[in-house]
Structures are given as structure tokens and as C-alpha cells.
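Student: A structural model of the following input is requested.
(chains A and B)
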Amino acid sequence: QSALTQPASVSGSPGQSITISCTGTSSDVGGYNLVSWYQQHPGKVPKLIIYEVTKRPSGVSNRFSGSKSANTASLTISGLQAEDEADYYCSSYVDSSTLVFGGGTKLTVL
Amino acid sequence: QAQLVQSGPDVKKPGASVKVSCEASGYSFTDYSIHWVRQAPGHGLEWMGWINLSNGYTRFSQNFQGRVTLTRDTSASTAYMELNNLGSADTAVYYCARPVPGDWYFDLWGRGTLVTVSS
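Tutor: This is a model prediction of the structure:
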């Protein structure tokens, strides 16, 4: 069961926008609108920031948005802030009731 | 409020087994499932499997098939993950996580249990 493909790192300056991609297959990302994104600060528990591709949980900033095209999902963070510096993980439902995470992306705010 | 409380850190020798517990409170235990996710030091999240807390049905990642057992004690509102034949690569923080019923995203996580495998 291969992990979804994410860039190892991305960076941006405060106020800019960045996008993190998450590429899978038609058996996971492309086959279902069940992609989620998590933010994890060092030593902390992952925090849900996007679910079902585009939805934001209550309390999550609207600077975070999600989208999907074919087998690739994307997380966009607009108006970058220092507190956004963290690791980001995508996950997707997979055929036959299983789940897979992406390898993770380290976001650096310059 | 709803929370998942995991057992404390553990140290095991190679070849041994470890059993991690995840006690739920603040919500109806059997209305949800529990998933297990691990994270090796400096590495990403890895999904291990899940258990339906109502009927005990389980599904696993192929990466752990045959080596992991998921169980639950409904009277104690506790889920368990047992991993066998431990190797150094199994050194990781093990999380339990609760998805929204019928969905595949996690709105509640335990704080994690560090399992260290060392001779």
C-alpha cells in the first residue's frame, strides 16, 4: 500500500500563498471525495484542517482551502503566517475500506 | 468533552509484542470506530488499521497484515492495538484516532504512545 505523493518541502514568505499537492490513483484520491488534510506542529498531535476535499472544520481559518483534480488533491494556504509553519499530511480513503496518508510536506515560512 | 486517553510509553526488545490501549470518554463508544496511526521519529504518518467498536470488524493496511491485532472492550470503553514480532523499525509514536461516523477523517486523536524497540 503506497503512500500518497507529496512534495517533501515547500516555502513561502509571510502574506504569500502556497499550494501543497497530494497525488494518488483512481483507487484513492481520484475515486472518492474523501481526501483530508492535517497540520502537525513539532511534538504535537495532528490537527484536521480540511475534510472531504474542500470542507473546513469549525474553527479552522478560511486561509486554508482544498481542491481536487483527477488523481491530485491540493491544499492552498493563503496569507501565510509564521504559525502556519508545520508539517502537512493528506489522507484518502482507498478501495476496500482502508486509508492511506501522504508522505508529508514541511512548510517553512521564510 | 470527548477524549481518547492512551497508555503510557513502553520499551520492548526485538521479537516481542506490544499492546497499546486507547480509552474513550465523553461520547458513546460503540457509535464510532477507532483507527490506529503510527509515526516513526522524523517520519510521516502511517495508517495501520481500524476497528468497528460495535461489532469488532477490522481492516488493516497491507503493511501490517498478519502482525497487528485490534480488539476492544466495550465494558471499559477501551480499544487495543497489539503489534507482534517487533523490530527497530517499529519504534514510533502510536496514535488512536476517531473518525466521524461513516466518514474517513479524524476529528479526535489520542496524545500518542511512544513504543521503543531496543535490545
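
Student: for the rest of this, base every contact and every neighbour count on C-alpha atoms.
Tutor: Noted.

Student: can I assume residue A:86 is in contact with residue A:44?
Tutor: No - Residue A:86 is beyond contact range of residue A:44, at 10.1 Å (criterion: CA atoms under 8 Å).

Student: which residues does residue A:110 contact?
Tutor: Residue A:110 makes contacts with A:11-14, as judged by CA atoms under 8 Å, 6 or more residues apart in numbering or on different chains.

Student: sheet partners, orientation included, of the one helix or strand residue B:71 maps to?
Tutor: Here residue B:71 sits within strand B:68-73, counting by DSSP states H and E. Looking at strand B:68-73 with DSSP bridges, its partner strands are strand B:78-83 (antiparallel).

Student: got the contact list for the strand it pairs with?
Tutor: Strand B:78-83 has contacts (CA under 8 Å, 6+ apart) with B:17-24, B:34, B:36, B:53, B:67-73.

Student: what parts of chain B come near chain A?
Tutor: By CA under 8 Å from any CA of the partner chain, the part of chain B that sits against chain A consists of B:44-47, B:49, B:59-63, B:103-107, B:109-112.

Student: what residues does chain A put near chain B?
Tutor: Neighbours of chain B within chain A, by CA under 8 Å from any CA: A:1, A:34, A:36, A:45-48, A:51-52, A:89, A:92-93, A:97-104.

Student: which among these end up buried?
Tutor: For the residues of chain A next to chain B, a burial check counting by 16 or more other CA atoms under 10 Å in any protein chain shown picks out A:34, A:36, A:45-48, A:51-52, A:89, A:92-93, A:98-104.

Student: among these, which are in strands?
Tutor: A:36, A:47-48, A:89, A:92-93, A:98-101 (DSSP state E).

Student: quick one: which two of those are the most distant?
Tutor: A:47 and A:98 (20.1 Å; CA to CA).

Student: pLDDT wise, what is the residue of chain B found nearest chain A at?
Tutor: Proximity of chain B to chain A (CA to the nearest CA) peaks at residue B:44, 5.6 Å away. In this model, residue B:44 is scored at 97, pLDDT.

Student: correct me, but it touches residue A:106?
Tutor: No - using CA under 8 Å, residue B:44 makes no contact with residue A:106, being 10.3 Å away.

Student: so residue A:86 and residue A:44 - more neighbours on which side?
Tutor: For residue A:86 versus residue A:44, neighbours defined as other CA atoms under 10 Å in any protein chain shown are more numerous around residue A:86 (17 against 10).

Student: the strand holding residue B:71: how far from the chain's middle?
Tutor: 9 Å (CA atoms, centre = their mean, to the nearest Å).

Student: centre-most residue in chain B?
Tutor: Centroid-nearest residue in chain B: residue B:36, 3.5 Å away (criterion: CA atoms, centre = their mean).
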